[in-house]
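> what follows is a predicted protein model with its sequence.
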Amino acid sequence: MPALLIGYLAISLGFSILLASLLLAELSRPRDALWSAIIMLLGLVLINSYESLDGSPMLVILLGFLIISRLLIEISQYRWQQLSEEEKISLKTLNRWKDSFNQVFFSGKKTWFYNIRAIQPS
């Protein structure tokens, strides 16, 4: 049971890191997508093999997940401290978030329609 919970938490954490790197370009770094994919892969492995993880292997996985979570918190605090005051203020405004969501939505929409046109026979 704890493996399932940690697996679902890992998938949601990886997805949130991926989404944050898309929405908050000021806080993202080039390898954030890779690390979020690795965290989501860890979650999938935990969900698929939760029955075989009992006892000490589960304790190791739990402690590893806690260490990864602590490291992510420290990294995010460090990145926040590196921002200028103008960037911190702009991240707190509603217009900044609307613009970010619109950019992600329209780029996804453009990709979707491009793929649909590529699939359709001429």
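Happy to help now that I have it.

> tell me the SS of Pro30?
Taken by DSSP: H, G, I helix; E, B strand; the rest coil, the conformation at Pro30 corresponds to coil.

> how many residues are close by it?
Residue crowding around Pro30 was assessed by other CB atoms under 10 Å; the count is 7. Where C-beta positions appear, they are placed from N, C-alpha and C, glycine not excepted.

> and it, backbone torsions?
According to degrees, to the nearest 10, the main-chain angles of Pro30 amount to phi -60, psi -30.

> pLDDT weak spots in this protein?
Low-confidence regions of the chain, defined by pLDDT under 70, span residues 53-56, 118, 120-122.

> could you list the domains of the protein?
Domain ranges of the chain: 2-84, 92-122, per automatic domain parsing.

> distance of Asn95 from Pro57?
Distance from Asn95 to Pro57, counting by CB to CB, to the nearest Å: 48 Å.

> list the contacts of the most centrally placed residue in the chain.
When the chain is reduced to its mean C-alpha position, the closest residue under CA atoms, centre = their mean turns out to be Ile17, at 2.2 Å. With CB atoms under 8 Å, 6 or more residues apart in numbering as the criterion, the residues that contact Ile17 are Asp32, Trp35, Ser36, Ile39, Leu72.

> now the residues you listed: which count as buried?
Among the contacts of Ile17, those buried by neighbour count (16 or more other CB atoms under 10 Å) are Asp32, Trp35, Ser36, Ile39.

> which of those lies closest to Trp80?
Closest approach to Trp80 among the buried ones among the contacts of Ile17 (CB to CB): Asp32, at 14.5 Å.
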